[in-house]
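**Q** Need the 3D shape of this:
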Amino acid sequence: MQAVVYIHANAVRHNIIKDFTIWKWSSYHIILSDSFTNLLREEVLALFGGKQQFIKTHHEMSTFYYKNTISIEE
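**A** Coordinates of the predicted model:
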């Protein structure tokens, strides 16, 4: 789960964007959509416990990630 959030939040961590939910190059949106993808959408969502928990966990973990000097990488 940390790796997935890290991938989605990384652009914010490096000051490329301010909100990972609007980053168009992220797989975050395709995982939440019903559009065709080669990603393992169902497996990723199952890991988080569904779409709502996927969203909630992303916001919680990324908030922690942005506000602490200790990063996911450590």
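**Q** A3 sits in which helix or strand?
**A** Element membership for A3 (DSSP states H and E) is helix 2-13.
**Q** List the backbone torsions phi and psi for F36.
**A** When quoted as degrees, to the nearest 10, the phi and psi of F36 stand at phi -60, psi 140.
**Q** What of the one 3 residues further on?
**A** Taking degrees, to the nearest 10, you get phi -70, psi 160 for the backbone angles of L39.
**Q** which residues in this protein form helices?
**A** Here the chain has its helices, by DSSP state H, at 2-13, 28-32, 41-48, 51-67.
**Q** For these, give me TSV that also has mean neighbour count, mean pLDDT and distance to F20.
**A** Just so you know, the C-beta spots here come from the backbone N, C-alpha and C atoms, and that holds for glycine as well. Below are those laid out as TSV (neighbours: other CB atoms under 10 Å; pLDDT from 0 to 100; distance: least, CB to CB, whole Å):
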stretch	mean neighbour count	mean pLDDT	distance to F20
helix 2-13	17	89	5
helix 28-32	17	95	6
helix 41-48	14	97	15
helix 51-67	15	88	6
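**Q** okay, these in TSV with distance to I22 next?
**A** Compiled in TSV, the helices of the chain are given as follows (distance: least, CB to CB, whole Å):
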stretch	distance to I22
helix 2-13	10
helix 28-32	9
helix 41-48	20
helix 51-67	13
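**Q** which non-adjacent residue is nearest K18?
**A** In space, and not counting its chain neighbours, K18 is closest to V12: 6.5 Å by CB to CB, 6 or more residues apart in numbering.
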